[in-house]
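Trainee: sequence first, then the predicted structure:
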Amino acid sequence: MGFQKKTGKGRLDKYYRLAKEKGYRARAAFKLLQLNKKYGFLQDSKVVIDLCAAPGSWCQVAVEAMPRGSLIVGVDLSPIKPIPGVISFQSDITTDKCRAELRRHLKTWKADTVLHDGAPNVGTAWIQDSFNQAELTLQSLKLACEFLVEGGTFCTKVFRSAQYNQLLWIFGQLFDKVDATKPPSSRNVSAEIFCVCRGFKAPKHIDPRFLDPRTAFADLKETASTDEARVYKPELKKRKRGGYEEGDYTLYKEVLASEFVESGDPIAILANTNRLVLETLEPSLSLSALNKMPATTLEIRQYCADLKVLGRTEFKKLLKWRILAREAFGLPTKKTSKPAAVEEEVVEVEPMDEELKIQEELQAMRDKDSAKRKRDKRKENERRTKEIRRLQMHMTAPMDIGIESASGQEGMFRLKSLETDTVVNKVARGRMTVLTQQQKNDQSSGIGSSGETDDESDDLNDALERELDQHWDTYQERRANYEARLKRQKQEGDGEWGGVSADEQESSDDDLVEESDDEDDEDEEEVNGVPQRLLTDLDSTTGSPGLSKRAAKFFNQDIFKNIAGLELSDSESVADEATTEAPATSTSDIKTARPEKSLRTGSEGIAKENISAKDEKEAETETQEADDWEHDRGRSNGRPNIDIITAEAMTLAHQLATGQKSTHDLIDENFDKYAFRDRDGLPDWFIEDESKHERKQKPITKEAAQAIKERTRALNARPIKKVREAQARKKFKAAQRLEKLRKKSDLLANEEGMTEKEKAESIAKLISKAKKKAPKRSVKVVVARGVNRGIQGRPKGVKGRYKIVDARMKKEMRAQKRIAKRK
Ligand SMILES: C[S@@+](CC[C@H](N)C(=O)[O-])C[C@H]1O[C@@H](n2cnc3c(N)ncnc32)[C@H](O)[C@@H]1O
């Protein structure tokens, strides 16, 4: 059977909603409704007492089900908000005050039905709680016996606990018919059950032991069944329900007193024996020694004669006498056996060989490290699999994976992966000298030096690399911003968008963070001693040399896949590009150059197409006007704001790129019968309406539509600004932390009074400390019920921050609002 959730949303089941809908104060209303449907006791009742009635849903049901003008009295520890037709008051049903109050309200009448749905505050101690509940039920039965009319009904909640059968038995003595049932609205996880006791016998005299929890549940209280209990609490006698032990059918038992003294389990002997024998017919050395002992007084002899009449004190005296006898016999007692035990526990521990110890420590560190690596690898694989699955399900854009993997551990700027790359040779030729110097410094400072094992230095290198990676990320961000600004300034200087020019080696987008070889002074900047040359080289191996990154991204779309010219330019190296700056003579050169030209004109064409749609006059003076338009409207951030966002424009771009169309064709197409329409004197609404329909519908291709769809999906899959900002903040903070860490570790590394091992350990400690997150300060929520009801100040047993809430009030306020809305 599945476990039914009772917390959180699990509580808000259909009865909860139904109760809210019907205006009942609690879902408990349905329990009484269902019980009454089955047994029909409310319809025939004129007087009802509802014990433990708050918040009052049972009273509400009673008002609905009982004849008009009936008397309903509800009582609870908590206040009950007034219900029309119900008298309610606040009292503890276990008190005489409550009894008196009920009597006052009922006057001389008797109740036809007594309801009881009480539940004491349920804590964690289930046994105690269930006992309290049974006590409360017994208390309500007591009131029922006092107020019920002969033949009346008592409907009560009972928990299926140890006292359940006792309660049922008592009900059976007082009522003609007792039914135990669990209405459907009672949760399965709840141990509650409802007893409907009909036909109250109204006996003239009720034995008070029936209604006294001490006697009613007496048998159950006797839980002590061990020998210890029989010795230390001899007043609690347990019946031998399980019968006698195998092979032992005698009731009377005797044991020699010497046996008792020598035995390791004296309690068992005292519990199960009738007499300890001090004298036998056959002479016994130990018994005569016992008899001669001064401690064997007359009193002790009497105790030994009949153990079954002894109490706790007498048993204790006998046990003391046994200890004295053992000491006299030279047998071990607790006092004497202690030092022996200590002696046994002393173990000679040989000091461990220093070298062996270090080796063991190293092995442990190595194991830890390899386990961590495995864990990381597994996590990374899981992440990738998830990503691919998301991609397959069209939940993410293809470019997301690229971005993440670049920024993740396996990113292209990982120094570790760089070590194995051929690019490292180029690096060495360039400014690698600085890096080598850095390495030397590290070695001389002891980090990863030969003084330690490879593993330790690996750890430190990893940490430093991670640090460098993070610094690099921060640097990239700064760099991208700086570049974008520089680019904007340049563009504004020459007034033309270089877009997809082959000559351009610099990046041209905000997203673009890599830099070109030709960059000058910025290249000098170093991040933690790593020259930017490193990154330049990597960039040149991955990017498309002829195009800006944005353009390269654009032409990477499937739609441009099979265009020969583009493929060629992609495969060419930077050096080749440089040589093609000379006038192209061969056919292949022309092919290479053509798409570039087309693309440039393409962007112009697209711009012009937009222009022509706006105003035909602008088309006449196209170049000049287009520039103006760019200046006026399109140039945000210093760049033309031309973006291909429609399938139509994409088709056009494709046609331009493949040479199917030229600028001339585009301009030509825009001259039509609407181009020179005279608009003077035409009303605005007419011009507006016409402008919607006078544009020619241009054909679009399936590929273009697909490309736009992909693009939109990629855009939608981007994190929102807030998330990006939060990520950047996180990165920035991590970089700050690492910078601090780096400085500290530098200081440590140069510390003279420390050994290499100590230095390495301190640095490792610093790193692990930096990785730890500060624990979140939690606020404990305390519900203002039970002992916490109405308290001021800190609730008992609550440490730290806390907040007192009143769940019921919140619910009721919501319900009130809802009801008010309905009206
Ligand atoms: C489950 S609620 C009763 C719900 C009620 N039948 C209804 O339909 O709204 C149990 C109630 O028993 C009350 N209670 C517990 N011990 C009590 C006592 N000794 N005297 C009076 N009420 C008590 C609690 O205050 C609590 O409101």
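Mentor: Nice, thanks for sending it over.

Trainee: Ile206 is in contact with Cys145, isn't it?
Mentor: Yes. Ile206 is in contact with Cys145 according to CB atoms under 8 Å; the separation is 5.9 Å. Just so you know, the C-beta spots here come from the backbone N, C-alpha and C atoms, and that holds for glycine as well.

Trainee: around the ligand, pick out the residues from the protein.
Mentor: The chain comes close to the ligand at residues 25-26, 28-29, 52-58, 76-78, 92-94, 117-120, 136, as judged by CB under 6 Å from any ligand atom.

Trainee: repeat that with 8 Å
Mentor: Contacts of the chain with the ligand, taken as CB under 8 Å from any ligand atom, map to 24-26, 28-29, 31-32, 50-61, 75-78, 91-94, 98, 115, 117-121, 136, 139, 157.

Trainee: contact partners for the residue of the stretch 101-250 of the chain found nearest the ligand?
Mentor: Closest approach between the stretch 101-250 of the chain and the ligand, counting by CB to the nearest ligand atom: Asp117, at 3.4 Å. Taking CB atoms under 8 Å, 6 or more residues apart in numbering, we find Asp117 in contact with 28, 31-32, 50-53, 58, 156-157.

Trainee: and the nearest residue to it once chain neighbours are set aside, helix, strand or coil?
Mentor: Nearest residue to Asp117, sequence neighbours excluded (CB to CB, 6 or more residues apart in numbering): Lys157, at 5.1 Å. Of the three states, Lys157 takes strand according to DSSP: H, G, I helix; E, B strand; the rest coil.

Trainee: only alpha carbons, please: show stretch 152-167 as CSV.
Mentor: This file holds the C-alpha atoms of stretch 152-167, laid out as CSV (Å, rounded to 0.1, in the frame of the first residue of the first chain):
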residue,chain,number,x,y,z
GLY,A,152,-29.0,7.8,23.1
THR,A,153,-26.0,7.7,20.8
PHE,A,154,-22.3,8.3,21.6
CYS,A,155,-20.1,8.9,18.5
THR,A,156,-16.5,9.2,19.3
LYS,A,157,-13.1,9.1,17.7
VAL,A,158,-10.7,6.4,18.9
PHE,A,159,-7.1,5.8,18.0
ARG,A,160,-6.1,2.3,17.1
SER,A,161,-3.6,2.0,20.0
ALA,A,162,-3.0,-0.4,22.8
GLN,A,163,-6.0,0.9,24.7
TYR,A,164,-8.4,0.4,21.7
ASN,A,165,-9.7,-3.0,22.8
GLN,A,166,-10.2,-1.9,26.3
LEU,A,167,-12.3,1.1,25.1
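
Trainee: sorry, back to before: determine which two of the contacts of Asp117 are furthest apart.
Mentor: Maximum pairwise distance among those (CB to CB): 14.7 Å, between Lys31 and Leu51.

Trainee: looking at the two, which one has more neighbours?
Mentor: It is Leu51, of Lys31 and Leu51, that has more neighbours when counted by other CB atoms under 10 Å, with 28 against 24.

Trainee: OK, contacts around the closest residue to the more buried one other than its chain neighbours?
Mentor: In this structure, Leu51 finds its nearest non-sequential neighbour in His116, 4.4 Å apart by CB to CB, 6+ apart. The contact partners of His116, by CB under 8 Å, 6+ apart, come to 50-52, 136-137, 140, 144, 154-157.

Trainee: pretty sure Gly23 is touching Arg818, no?
Mentor: No. With contact defined as CB under 8 Å, Gly23 does not reach Arg818; the gap is 9.3 Å.

Trainee: for Asn132, give me its contacts.
Mentor: Counted by CB under 8 Å, 6+ apart, Asn132 has contacts Pro120.

Trainee: do Tyr164 as well
Mentor: Contact analysis of Tyr164 by CB under 8 Å, 6+ apart lists 134, 158, 193.

Trainee: confirm Leu656 sits in a helix?
Mentor: Yes. Under three-state DSSP, Leu656 falls within a helix.

Trainee: where does it land on pLDDT?
Mentor: What the model reports for Leu656 is a pLDDT of 87.

Trainee: wait, isn't Arg326 in contact with Pro332?
Mentor: Yes. Using CB under 8 Å, Arg326 makes contact with Pro332 at a distance of 7.5 Å.

Trainee: between these two, who's got more neighbours?
Mentor: Using other CB under 10 Å, the more surrounded residue of Arg326 and Pro332 is Arg326, with 18 against 11.

Trainee: excluding residues flanking it in the chain, which one is nearest that one?
Mentor: Sequence neighbours aside, Thr333 is the residue nearest to Arg326 in space, at 5.1 Å (criterion: CB to CB, 6+ apart).

Trainee: please list all residues in contact with that neighbour.
Mentor: Contacts were defined as CB under 8 Å, 6+ apart; by that measure Thr333 touches 323, 326-327.

Trainee: for Thr153, same thing?
Mentor: 39, 41, 45, 112-114, 196-198, 200.

Trainee: what about Lys757, distance to Asp689?
Mentor: From Lys757 across to Asp689, the span is 85 Å (CB to CB, to the nearest Å).

Trainee: looking at the two, which has the bigger crowd around it?
Mentor: Remark: of Lys757 and Asp689, Lys757 carries more neighbours, 14 against 11, as counted by other CB under 10 Å.

Trainee: returning to what we had before: just the buried ones from the residues of the chain next to the ligand?
Mentor: Among those, the ones that count as buried by 16 or more other CB atoms under 10 Å are 24-26, 28-29, 31-32, 50-61, 75-77, 91, 93-94, 98, 115, 117-118, 120, 136, 139, 157.

Trainee: now, those that are in helices?
Mentor: In helices, judged by DSSP state H, the following of these are found: 29, 31-32, 57-61, 98, 136, 139.

Trainee: tell me which of those residues is nearest to Thr215?
Mentor: Gln139 (14.1 Å).

Trainee: nearest residue to the closest one other than its sequence neighbours?
Mentor: Thr94 (4.8 Å).

Trainee: again with Ala705
Mentor: Of all residues not flanking Ala705 in the chain, Ala647 sits nearest, at 4.3 Å (CB to CB, 6+ apart).

Trainee: list the contacts of stretch 280-289.
Mentor: Applying CB under 8 Å, 6+ apart, the contact partners of stretch 280-289 are 256-258, 261-262, 277-279, 328-329.

Trainee: how does it look with 10 Å?
Mentor: For stretch 280-289, contacts defined as CB atoms under 10 Å, 6 or more residues apart in numbering pick out 256-259, 261-262, 277-279, 290-291, 296, 325, 328-329.

Trainee: pLDDT on it, on average?
Mentor: 84.

Trainee: one step back: using CSV, lay out the ones in helices among the buried ones among the residues of the chain next to the ligand together with pLDDT.
Mentor: Below are these laid out as CSV (pLDDT from 0 to 100):
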residue, pLDDT
Ala29, 94
Lys31, 94
Leu32, 94
Ser57, 95
Trp58, 95
Cys59, 95
Gln60, 94
Val61, 95
Cys98, 94
Leu136, 90
Gln139, 91
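
Trainee: can you pull the pLDDT of the closest residue to the ligand within the stretch 601-750 of the chain?
Mentor: Nearest residue of the stretch 601-750 of the chain to the ligand, counting by CB to the nearest ligand atom: Lys722, 44.8 Å away. Lys722 carries a pLDDT value of 85.

Trainee: ok so it is a helix residue?
Mentor: Yes. Using three-state DSSP, the assignment for Lys722 is a helix.

Trainee: which ones are touching it?
Mentor: Taking CB under 10 Å, 6+ apart as the definition, Lys722 has no contacts.

Trainee: Ala807 reaches Ala784, doesn't it?
Mentor: Yes. Counting by CB atoms under 10 Å, Ala807 touches Ala784, with 8.3 Å between them.

Trainee: what about those two, which has more around it?
Mentor: Ala784 (16 against 11).

Trainee: now the more buried one. Nearest residue, chain neighbours left out?
Mentor: Leaving aside its sequence neighbours, Ala784 sits nearest to Asp806 (CB to CB, 6+ apart; 4.7 Å).
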